[in-house]
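S.K.: Quick one, what's the 3D model for this:
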Amino acid sequence: MRSSSVGARRAGRVTHLVALLMVVAMAALVVSGCSGSKTAEPQKEVLKGSVTAVGSTAMQPLVERAAARFMEAHPEVQISVQGGGSGTGLSQVAAGACDIGNSDVFAEEKQGIDASQLVDHKVCVVGMAAVVNPGVTADNLTQQQLIDIFTGKITNWKDVGGPDVKVVLVNRPKGSGTRATFKKFALGGAEEAEGIEEDSSGAVRRIIKDTPGAIGYLALSYLDGSVKAISLDGVAPTKENIVTGKYPVWAYQHMYTKGQPSGVTKAFLDYMFSDEVQTGLVPEMGYIPASEMEVERDWRGNVKPK
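M.R.: Residues are numbered from 1 along each chain as shown. Coordinates of the predicted model:
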């Protein structure tokens, strides 16, 4: 009886020990599995570096806003956005002095630029319009009237149905893409008469707002109600008229790189084509996604349906 009792106790201890070992083994497997999943999870690469974008003041507000959002999402990235005009942007990116050259015109249109070395990233489209001081009562001009005003043949607004006020011309410098676009598609290539000349679109808007009889031209993204846009041959400078090609004064907003972009420059350009920018910032700030255009234009100015 005694040996039988001892055997039973030993058998119980063995069973208990086996159960304990099984629990320990299962716990080890769980820990190993958790540890394994942590090791297998890829580490998210932290984006670091800097980007300098220079050029068009017509697209500067959009690029600045996008850069601010991008830097908020990537704190170790620094993006500097500078104006100076499309000519400056193209020459600096071609020379390797900046990472991105912002331009309202095709690189092929600029003398001295080897467009074959540059890669074009068409971010969006912007319309451009003749704009006047709010005191000018004229709302529409024919193209010939507009040409006569900017070439100095018409010097008083009363000659085109406006008030008896002297016309004050406000121009952009010759390197400006806005000037090149307006001259080509609104003035038929006519050379403007001398007037007030300002480097930035913001300064042009301010002078027109504060100067009776003033007229100049701005990208529609700069219209804030302080100046008045003029219709051309009865066609208003609206998104609908630009998209269908009825209103002719518009330009692609190009972001050029010297060769294919890489690193943080590529990441920022990818962001410029993301839904957040294309369906959010672009229309919100008065630009038009290139995907919505029903027509397309080449660097020579030829327009055809898409």
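S.K.: residues contacting the closest residue to residue 136 other than its chain neighbours?
M.R.: Sequence neighbours aside, residue 162 is the residue nearest to residue 136 in space, at 5.3 Å (criterion: CB to CB, 6 or more residues apart in numbering). C-beta coordinates here come from the backbone N, C-alpha and C atoms, glycine included. Contact analysis of residue 162 by CB atoms under 8 Å, 6 or more residues apart in numbering lists 136, 137, 138.
S.K.: Highest neighbour count among those?
M.R.: Tallying neighbours with other CB atoms under 10 Å puts residue 136 at the head of these, with 22 neighbours.
S.K.: Kindly provide the distance from that residue to residue 76.
M.R.: 50 Å (CB to CB, to the nearest Å).
S.K.: can you give me the offset of the helix or strand harbouring residue 123 from its chain's centre?
M.R.: When secondary structure is defined by DSSP states H and E, residue 123 falls within strand 118-132. The chain centroid and the centroid of strand 118-132 are separated by 9 Å, computed with CA atoms, centre = their mean, to the nearest Å.
S.K.: Do a quick rundown of the strands in the stretch 101-250 of the chain.
M.R.: 118-132, 140-141, 168-171, 196-197, 214-219, 228-229, 231-232, 250-258 (DSSP state E, counting those that start in this stretch).
S.K.: Need the ones you listed in a markdown table (columns: distance to residue 158, mean pLDDT and mean neighbour count).
M.R.: Listed next are the strands of the stretch 101-250 of the chain as a markdown table, based on distance: least, CB to CB, whole Å; pLDDT from 0 to 100; neighbours: other CB atoms under 10 Å:
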| stretch | distance to residue 158 | mean pLDDT | mean neighbour count |
| --- | --- | --- | --- |
| strand 118-132 | 14 | 97 | 23 |
| strand 140-141 | 14 | 98 | 19 |
| strand 168-171 | 14 | 97 | 20 |
| strand 196-197 | 21 | 96 | 16 |
| strand 214-219 | 14 | 96 | 28 |
| strand 228-229 | 17 | 97 | 20 |
| strand 231-232 | 19 | 98 | 20 |
| strand 250-258 | 31 | 97 | 25 |
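S.K.: Which among those strands is found nearest to residue 48?
M.R.: strand 250-258 (18.9 Å; CB to CB).
S.K.: What strands line up against that closest one, and which way round?
M.R.: Looking at strand 250-258 with DSSP bridges, its partner strands are strand 100-103 (antiparallel), strand 118-132 (antiparallel).
S.K.: what's downstream of that strand, the next helix or strand?
M.R.: Next helix or strand after strand 250-258 toward the C-terminus (DSSP H and E): helix 263-272.
S.K.: Can you name the residues in contact with that following helix?
M.R.: Outside helix 263-272, the residues touching it (CB under 8 Å, 6+ apart) are 47-51, 63, 66-67, 70, 74, 77, 79, 99-100, 121, 123, 255, 257, 260-261, 277.
S.K.: returning to that earlier point: now, which of the contacts of residue 162 sits nearest residue 305?
M.R.: For the contacts of residue 162, the nearest to residue 305 is residue 138 (32.7 Å; CB to CB).
S.K.: confidence score at the nearest residue to that closest one once chain neighbours are set aside?
M.R.: Excluding the flanking residues, the one nearest residue 138 by CB to CB, 6+ apart is residue 162, at 4.0 Å. Listed pLDDT for residue 162 reads 95.
S.K.: ok, so what distance separates the nearest residue to residue 179 once chain neighbours are set aside from residue 183?
M.R.: Of all residues not flanking residue 179 in the chain, residue 172 sits nearest, at 4.0 Å (CB to CB, 6+ apart). The gap separating residue 172 from residue 183 is 10 Å, by CB to CB.
S.K.: Which of the two has more residues huddled nearby?
M.R.: residue 172 (27 against 20).
S.K.: Surely that one touches residue 199?
M.R.: Yes. Using CB atoms under 8 Å, residue 172 makes contact with residue 199 at a distance of 7.5 Å.
S.K.: Return the residues in contact with residue 186.
M.R.: Contacts of residue 186 (CB under 8 Å, 6+ apart): 128, 130, 143, 146, 217, 232, 248, 249.
S.K.: The third one: neighbouring residues, count only.
M.R.: Applying other CB under 10 Å, we find 15 other residues in the vicinity of residue 143.
S.K.: Before we move on, what's the pLDDT of it?
M.R.: 98.
S.K.: returning to what we had before: now the strands paired with strand 250-258 in a markdown table, with distance to residue 151?
M.R.: Formatted as a markdown table, the strands paired with strand 250-258 follow (distance: least, CB to CB, whole Å):
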| stretch | distance to residue 151 |
| --- | --- |
| strand 100-103 | 26 |
| strand 118-132 | 13 |
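S.K.: any common contacting residues for residue 172 and residue 199?
M.R.: residue 85.
S.K.: returning to what we had before: can you turn the buried part of the contacts of helix 263-272 into a PyMOL selection?
M.R.: Here is the PyMOL command that selects the buried residues among the contacts of helix 263-272 (16 or more other CB atoms under 10 Å):
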select buried, resi 51+63+66+67+70+74+77+79+99+100+121+123+255+257+261+277
